[in-house]
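Asker: Below: sequence and its predicted model.
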Amino acid sequence: MTSSWLVTGAHGLLGRDVLDELATQPDVAVTGLGRDRLDITDPAAVRAAVAGHRVVVNCAAWTDVDGAERSEATATAVNGTGVRHLARACADSGALLLHISTDYVFRGNARRPYSDDAPTGPVNAYGRSKLAGERAVAELLPRTGYIVRTAWLYGEHGRNFVAGHHARTRRPATDPGRGGRPARPADLVACARPATGSPRPCRPGGAGTGGRLPRHGGRPDHLVRPGA
Ligand SMILES: NC(=O)c1ccc[n+]([C@@H]2O[C@H](COP(=O)([O-])OP(=O)(O)OC[C@H]3O[C@@H](n4cnc5c(N)ncnc54)[C@H](OP(=O)(O)O)[C@@H]3O)[C@@H](O)[C@H]2O)c1
């Protein structure tokens, strides 16, 4: 049976690879909407776009970390309130929401990988705005909202740290480390690959864990449902 998926932020770095990957799935009918066709800060537009879809993958985000410091309200309007609109629409329609978040919700001083229930503590505006989005998903979709926290995405499209590093050094990037932040780069294709009829979690730096998303009790460190 074909299931209908919606990808928001479809023109972004992750959104494009998610769309490409979903397009290879015979049992998935996918609609990708960039910001020009769906602005997630518009609740009525979000409701209309979500209707009729079984799964929504939210790749839309304000990702300008430095810009968020200058304009936290704007970043929060997208990463917090916009995600709340999506979660509300999914709750009303019965769609699953797979929401992409970030390691910036943590302080960033850990010496080992974070567990999914590690205390959050963002130190910048971008992290606070992304945490607001996570909280909206957890609050409105306690059973059907999924949050993937990832870091250092790279892929063929758009700006990413590999291209930036290469441009700066004119050498292939071999070490993505920055400021001592522990991070494992995530291959977008691995992040994007779905299981049949249901989303598949992304494991930073490697392939998805496969199969269906875990319910309570199944807790890979990269897939979290805060408050669950
Ligand atoms: N890139 C990384 O290394 C990284 C690391 C950790 C987590 N993440 C997370 O991964 C997700 C995808 O990131 P990405 O790297 O693919 O970012 P990206 O390339 O900046 O893509 C984000 C997309 O969202 C769109 N967008 C912005 N505001 C919107 C709005 N109000 N409504 C609808 N769409 C809107 C952007 O459109 P415009 O271009 O028109 O603004 C852009 O196409 C984000 O949640 C991000 O926080 C990324």
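Answerer: Arrived safely, thanks for sending. If you're wondering where the values come from, they're calculated on a predicted model, not measured in any experiment.

Asker: what's the span of stretch 77-85 from first residue to last?
Answerer: One end of stretch 77-85 to the other measures 10 Å (C-alpha to C-alpha, to the nearest Å).

Asker: what about the closest residue to residue 89 other than its chain neighbours, distance to the ligand?
Answerer: Excluding the flanking residues, the one nearest residue 89 by C-beta to C-beta, 6 or more residues apart in numbering is residue 50, at 3.9 Å. All C-beta atoms are positioned from the backbone trio N, CA, C, and that covers glycine. To the ligand, residue 50 is 13 Å away according to C-beta to the nearest ligand atom, to the nearest Å.

Asker: Could you verify my assumption that residue 50 touches residue 95?
Answerer: Yes. The criterion here is C-beta atoms under 8 Å, and residue 50 meets it with residue 95 at 5.8 Å.

Asker: Next, give phi and psi for the residue nearest to residue 89.
Answerer: Residue 50 adopts backbone torsions of phi -70, psi -30, taken as degrees, to the nearest 10.

Asker: Report how many residues lie close to residue 16.
Answerer: For residue 16, the count of nearby residues is 22 (other C-beta atoms under 10 Å).

Asker: Likewise for the one 5 residues further on?
Answerer: Residues contacting residue 21 under the criterion other C-beta under 10 Å number 19.

Asker: How about the one 3 residues further on?
Answerer: By other C-beta under 10 Å, the residues close to residue 24 number 10.

Asker: Then residue 93?
Answerer: Residue 93: 14 neighbours (other C-beta under 10 Å).

Asker: Contacts only, for the residue of the chain at minimum distance from the ligand.
Answerer: Closest residue of the chain to the ligand, C-beta to the nearest ligand atom: residue 12 (2.1 Å). Contacts of residue 12 were listed using C-beta atoms under 8 Å, 6 or more residues apart in numbering, and they are 34, 59-61, 63, 158.

Asker: Can you add neighbour count and distance to residue 122 and give these back as CSV?
Answerer: CSV is the format used below for the contacts of residue 12 (neighbours: other C-beta atoms under 10 Å; distance: C-beta to C-beta, whole Å):
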residue, neighbour count, distance to residue 122
34, 17, 27
59, 24, 20
60, 29, 19
61, 25, 14
63, 20, 15
158, 17, 24
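
Asker: out of those residues, which touch the ligand?
Answerer: Filtering these for proximity to the ligand by C-beta under 6 Å from any ligand atom leaves 34, 59-61, 63, 158.

Asker: So which of those residues sit within helices?
Answerer: Applying DSSP state H to those, no entry is found in helices.

Asker: Show me those that map onto strands.
Answerer: When the ones next to the ligand among the contacts of residue 12 are checked against strands using DSSP state E, none is located there.

Asker: No further questions, thank you.
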